[in-house]
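# coords please:
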Amino acid sequence: MTERVAATPGLYPLPDRAKETLSDLKGHQKGDLLSGDESEAIVAAYDEVRAEYVDDQLDAGFDLITEGQGRWDDMIAHPLTVSDAVETGGIVRYYDNNNFYRDPRVVDDLGFSGDVADELADATDLLADADGGDDASLAATLPGPYSLADLATDEHYGDAAEFQAAIAEFLAGEVEAFPEHETLFLLEPSLVTNPPAEGDESTATDAIATVADATDADVVVQTFYGALGEKLYAHLVDEAGADALGLDLVAGDRDDTVYNVQEFGSTDSLSLGLVDGQNTLVEEPETIAERVEWFESQIPLEGFDRTYLTPNTEVFYLPENKYRAKLNALAAAAEVLD
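Here you go, the predicted structure:
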């Protein structure tokens, strides 16, 4: 029988009061971005945000808890921006929306930072102390190596494949320092929006496999913004070393996604993007459950080991009250399906 698990792998929106506090403490200029050596006041402000994220998930009834990435100045590039080998460039649009990030320009050999591991250690401590935390497990989140290489600028390695491999080794080193975690989500929107050229698919999947091999946890390669191309999808199933692929059932043509699974099979588990991470309309739990049942009915399999019920993108774009409502809807949908 398929296990259904509600989860939200991406960046959470900063609470309004935290935005004001951090704006006063950090400023708005390029030099005011996080560098890994923030003041005690900034650290304390982000500690409060992290605790709120953990409480929100536990209150919703989640068993798989993400740290929330409240410290991240952008939605993908953060692990690079705190590296000594990276300089901050100009403002770049984040995919096809109205959010922006500072271009991380890699100017030297990438080395270990441990920044994300420290965040996860703090989240682990929060879970240990929280009511209901004993029954919950930690989910780690990182940008996938393909998307991170796609969004960054290489001013050091000089070769696209070498750069992608270097990003993968960098992320694998970060993962090896993580505290115990049940699941690792690798966010890979660029696999949909700017897929590898034909013939380069294995370079991308090898990079993902490098990161996946660095953990004993279940690895979910979470894609969004539509359906994957057929050939790339087949490569991901066969070569990426993932326990689950994340498939967007909100954006794009769902029939294309269903065709990929019917034609090329799937990973042992799947992660389904079921609620719109960029739209304030809150889906009913029954609607979410119906989407899961519809998708599973299209697949000629007896079932998956696990189906993750997730937003189709990060929930960073949503107001506080809407993101919490979507957490509650996902958790309730998992109960409806049980």
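
# All the strands of the stretch 1-150 of the chain, in order from the start?
Taking DSSP state E, counting those that start in this stretch to define them, one finds strands in the stretch 1-150 of the chain at 3-6, 64-66, 86-93, 100-106, 137-143.

# Give me the buried positions along the longest one.
In this case it means strand 86-93. Residues of strand 86-93 classed as buried under the neighbour-count rule (16 or more other CB atoms under 10 Å) are 86-88, 92. The way it works is simple: take the backbone N, C-alpha and C, and place the C-beta from them, glycine included.

# what's the closest of the residues you listed to Leu110?
Checking these against Leu110 with CB to CB, the nearest one is Val86 at 7.8 Å.

# is it true that the closest one touches Val106?
Yes. When contacts are counted by CB atoms under 8 Å, Val86 is listed as touching Val106 (5.5 Å).

# Between the two, which contacts overlap?
80, 152 (CB atoms under 8 Å, 6 or more residues apart in numbering).

# Tell me which residues touch Gln164, please.
Taking CB under 8 Å, 6+ apart as the definition of contact, the neighbours of Gln164 are 145-146, 149, 203-204, 207.

# of all those residues, which comes closest to Val237?
Ala204 (13.1 Å).

# just checking, the closest one touches Leu191?
Yes. The pair Ala204 and Leu191 qualifies as a contact (CB under 8 Å) at a distance of 7.0 Å.

# Quick check: neighbours shared by those two?
Between them, Ala204 and Leu191 share the contacting residues 146, 232, judged by CB under 8 Å, 6+ apart.

# Can you tell me the number of residues neighbouring Ala172?
The number of residues packed around Ala172, counting by other CB atoms under 10 Å, is 19.

# what angle sits between the strand or helix carrying it and strand 137-143?
Assigned by DSSP states H and E, Ala172 belongs to helix 160-176. Direction vectors for helix 160-176 and strand 137-143, defined by axes from the mean of the first three to the mean of the last three CA atoms, to 10 degrees, enclose an angle of 160 degrees.

# who does whichever helix or strand comes after helix 160-176 pair up with?
Downstream of helix 160-176, the next assigned helix or strand under DSSP H and E is strand 183-187. In the sheet, strand 183-187 lines up against strand 137-143 (parallel), strand 218-222 (parallel) (DSSP bridges).

# Now render those as a markdown table, adding distance to Leu14 and mean pLDDT.
What follows is the strands paired with strand 183-187, written out as a markdown table (distance: least, CB to CB, whole Å; pLDDT from 0 to 100):
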| stretch | distance to Leu14 | mean pLDDT |
| --- | --- | --- |
| strand 137-143 | 16 | 97 |
| strand 218-222 | 21 | 98 |
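
# right, and these - which one's nearest Tyr323?
Across the strands paired with strand 183-187, the minimum distance to Tyr323, taken as CB to CB, is reached by strand 137-143, at 15.3 Å.

# Only alpha carbons, please: show the closest one as PDB.
The C-alpha coordinates for strand 137-143 follow below in PDB (Å, rounded to 0.1, in the frame of the first residue of the first chain):
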ATOM      1  CA  SER A 137      11.500  13.600  10.800                       C
ATOM      2  CA  LEU A 138      13.700  16.200   9.200                       C
ATOM      3  CA  ALA A 139      13.700  16.900   5.400                       C
ATOM      4  CA  ALA A 140      16.700  18.700   4.000                       C
ATOM      5  CA  THR A 141      16.400  21.000   0.900                       C
ATOM      6  CA  LEU A 142      19.000  22.000  -1.600                       C
ATOM      7  CA  PRO A 143      19.100  23.400  -5.100                       C
END
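
# Pull the distance from that strand to the chain's centre.
A distance of 7 Å separates the C-alpha centroid of strand 137-143 from that of its chain, computed with CA atoms, centre = their mean, to the nearest Å.

# dump the residue contacts of the closest residue in space to Asp74 that isn't next to it in sequence.
Using CB to CB, 6 or more residues apart in numbering and skipping the chain neighbours, the partner closest in space to Asp74 is Tyr101 (3.5 Å). For Tyr101, the set of contacting residues under the criterion of CB under 8 Å, 6+ apart consists of 73-77, 91-92, 94, 151.

# switch to 10 Å and redo it
Under the criterion of CB atoms under 10 Å, 6 or more residues apart in numbering, the contact partners of Tyr101 comprise 33, 72-78, 81, 88-89, 91-95, 151.

# of the residues you listed, buried ones?
Buried residues within these, counting neighbours by 16+ other CB under 10 Å: 33, 72, 74-78, 81, 88, 92, 94-95, 151.

# So which of those are in helices?
Where the buried ones among the contacts of Tyr101 overlap with helices, as defined by DSSP state H, the overlap consists of 78, 81, 151.

# Now stretch 254-266: buried residues?
Taking 16+ other CB under 10 Å as the basis for neighbour counts, the residues of stretch 254-266 that come out buried are 254, 257-258, 260-261, 264, 266.
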